[in-house]
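S.K.: sequence first, predicted model second:
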Amino acid sequence: MSSETTNTPALDASELKAKEAYFTASQTQLIWARFIKQRAALIAGMVLLVLILSGIFAPFLSPYDPTIAGRDKDYTNGAPQLPQFCDVSGCSARPFIHAVERERSMATNFRWVTTINEDERLYMQFFVTGDSYKLFGFIKGNLHLFGVEGGKIHLFGTDEDGQDIFSRTLHAIWTSMQVGAIGVFIAFVLALIIGGISGYYGGWIDSILQMITDAVRTVPEIPLFMALAAFMPPEMSAEARFFYISIILGFVGWPTLARRVRTHILTERNQEYVLAAQLCGASSPHIIRRHLLPSFTSYIIVDLVISFPYMVLKETALSFIGLGLKDPVSSLGVMLQKATSADVMLNYQWYFIPVIFFIVLVMAFVFVGDGLRDAADPYADTKK
């Protein structure tokens, strides 16, 4: 009995401490505590982080420049080259690939035939100097994670131009995410402004803004982009087309988030803290910016994460049908466009490797968005 009486206060103290930590925790801490309990969302977050870092450091991680300097004219439509440690000649502590020889054969209607020379090894090297690049757009460098001495290595094979698909895939992830980030940012700003004004003032202002919102939502996107693509001059640079597509995606992607912002502000504008701010002489923009919008910041962040993969999907779809980005820009849509021919489907299946990364990227965003949405819902535990 004495041991039970001595342990009970300790348990009560720990429970009280846990409850105190719960009630004094910030909204961000509560969301994070709920989020890490969801295994699928947490794993998806780790995968997403790896993909984002791979895209950011793509110039360093990829062995070659994905456009011009990395072209291998002697290995076009080449199969993936996987490093190995053993072959018929024995094993080695260093990974290597075999040299390849290509020639046209009459037996294959003069198509290129690749012959692997198992007598010649090309050993992998790490932290090698190669093609110059600018990390983050301004840090010059020429150091790459890996390469081979006396040749080239193509982990995912090459395309019809001899471009390294592995290098293009990493750069494509970063390009598509940049387009999505710019589009989401523009849509986010427009949604906060239009949704905030519409929900706070109401009346005829709300009616006019909602008419504009409904008009934008009903515009079919594909015909709109086809019309806009017709006005793009052929000599437009790849960088200009990149920002052009990003801005357009942002200007057509704000209505859904604006509706959510309006709905929340409509329910919050008559709360006591808003009336207190009005009585203190606070201006309407100040109340919207400092009181109403921060009251549901977590939900806005969740909406942004959920809308991000849809922006990436739109960019990919537009580039896939030829209305978005084009070569020499590396994006997921541009790479998928090259995998549409029957010849590729029958003979060069490694063109579809970027499709796997595209699916994983979108699914990771979806799982993380769903996890954040459940974590941001204060009634999620009571619904189970």
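M.R.: Happy to help now that I have it. Residues are numbered from 1 along each chain as shown.

S.K.: pull the distance from stretch 138-146 to the chain's centre.
M.R.: 22 Å (Cα atoms, centre = their mean, to the nearest Å).

S.K.: same question for stretch 148-165.
M.R.: For stretch 148-165, the separation from the chain centroid amounts to 25 Å (computed by Cα atoms, centre = their mean).

S.K.: quick one, strands of the chain?
M.R.: 84-87, 90-105, 111-135, 139-148 (DSSP state E).

S.K.: send the alpha carbons of the second one over as CSV?
M.R.: So that's strand 90-105. As requested, C-alpha coordinates have been extracted for strand 90-105 and formatted as CSV (Å, rounded to 0.1, in the frame of the first residue of the first chain):
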residue,chain,number,x,y,z
GLY,A,90,35.9,-10.7,-61.1
CYS,A,91,34.8,-8.2,-58.4
SER,A,92,36.0,-4.8,-57.5
ALA,A,93,35.7,-2.6,-54.4
ARG,A,94,34.8,0.4,-56.6
PRO,A,95,31.5,0.5,-58.6
PHE,A,96,31.9,0.6,-62.3
ILE,A,97,30.1,0.4,-65.6
HIS,A,98,31.1,-1.2,-68.9
ALA,A,99,32.0,0.8,-71.9
VAL,A,100,29.5,0.6,-74.8
GLU,A,101,30.0,0.5,-78.6
ARG,A,102,27.3,1.5,-81.0
GLU,A,103,26.8,0.7,-84.7
ARG,A,104,24.1,0.5,-87.2
SER,A,105,23.1,-3.1,-88.2
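
S.K.: picking that back up, residue 34 is nearest to which of the strands of the chain?
M.R.: Ranking the strands of the chain by their distance to residue 34 (criterion: Cβ to Cβ) puts strand 111-135 first, at 36.0 Å. Every residue, glycine included, has its C-beta placed from N, CA and C.

S.K.: pLDDT weak spots in the stretch 101-250 of the chain?
M.R.: In the prediction, the stretch 101-250 of the chain carries residues with pLDDT under 70 at positions 102-114, 234-235, 237-239.

S.K.: residue 28: neighbour count?
M.R.: As a burial measure, the neighbour count of residue 28 was computed by other Cβ atoms under 10 Å and equals 11.

S.K.: contacts only, for the closest residue to it other than its chain neighbours.
M.R.: Taking Cβ to Cβ, 6 or more residues apart in numbering as the measure, residue 28 lies nearest to residue 298, with 7.5 Å between them; neighbours along the chain are not counted. Residues in contact with residue 298, defined by Cβ atoms under 8 Å, 6 or more residues apart in numbering, are 27-28, 31, 372, 376.

S.K.: so who does the residue most central in space within the chain touch?
M.R.: The central residue of the chain, meaning the one whose C-alpha is nearest the mean C-alpha position (Cα atoms, centre = their mean), is residue 177 at 4.1 Å. With contacts defined as Cβ under 8 Å, 6+ apart, the neighbours of residue 177 are 52, 55, 312, 361.

S.K.: burial count for the nearest residue to the second one once chain neighbours are set aside?
M.R.: Yep, that's residue 55 we're talking about. Once its chain neighbours are removed from consideration, residue 55 has its nearest residue in residue 174; the separation is 3.3 Å (Cβ to Cβ, 6+ apart). If you count neighbours by other Cβ under 10 Å, residue 174 ends up with 19.

S.K.: ok so, going back, and residue 198, which of the strands of the chain is closest to it?
M.R.: Taking Cβ to Cβ as the criterion, strand 111-135 is the member of these that comes nearest to residue 198, at 42.3 Å.

S.K.: so which residues of the stretch 201-350 of the chain form helices?
M.R.: Chain-ordered helices for the stretch 201-350 of the chain, with DSSP state H, counting those that start in this stretch as the definition, fall at 203-218, 221-231, 238-252, 255-268, 272-279, 284-287, 297-320, 332-337, 342-347.

S.K.: how about the CA coordinates for the longest one, as PDB?
M.R.: Looking back up the chat, that one is helix 297-320. What follows is the C-alpha trace of helix 297-320 in PDB, where atoms were taken according to Å, rounded to 0.1, in the frame of the first residue of the first chain:
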ATOM      1  CA  THR A 297      -3.500  30.800 -40.700                       C
ATOM      2  CA  SER A 298      -3.100  27.000 -40.300                       C
ATOM      3  CA  TYR A 299      -6.000  26.400 -42.600                       C
ATOM      4  CA  ILE A 300      -4.600  28.700 -45.200                       C
ATOM      5  CA  ILE A 301      -1.200  26.800 -45.100                       C
ATOM      6  CA  VAL A 302      -3.100  23.500 -45.500                       C
ATOM      7  CA  ASP A 303      -4.900  24.900 -48.500                       C
ATOM      8  CA  LEU A 304      -1.700  26.000 -50.000                       C
ATOM      9  CA  VAL A 305      -0.100  22.600 -49.600                       C
ATOM     10  CA  ILE A 306      -3.100  20.900 -51.100                       C
ATOM     11  CA  SER A 307      -3.300  23.300 -54.000                       C
ATOM     12  CA  PHE A 308       0.400  22.900 -54.800                       C
ATOM     13  CA  PRO A 309       0.200  19.500 -56.500                       C
ATOM     14  CA  TYR A 310      -2.600  20.800 -58.700                       C
ATOM     15  CA  MET A 311      -0.400  23.600 -59.900                       C
ATOM     16  CA  VAL A 312       2.300  21.100 -60.800                       C
ATOM     17  CA  LEU A 313      -0.400  19.000 -62.500                       C
ATOM     18  CA  LYS A 314      -1.500  22.000 -64.600                       C
ATOM     19  CA  GLU A 315       2.000  22.900 -65.600                       C
ATOM     20  CA  THR A 316       2.700  19.300 -66.500                       C
ATOM     21  CA  ALA A 317      -0.500  18.900 -68.500                       C
ATOM     22  CA  LEU A 318       0.100  22.200 -70.400                       C
ATOM     23  CA  SER A 319       3.700  21.300 -71.300                       C
ATOM     24  CA  PHE A 320       2.500  17.800 -72.200                       C
END
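
S.K.: for it, which positions count as buried?
M.R.: Neighbour-count burial for helix 297-320 flags 298-320 (criterion: 16 or more other Cβ atoms under 10 Å).
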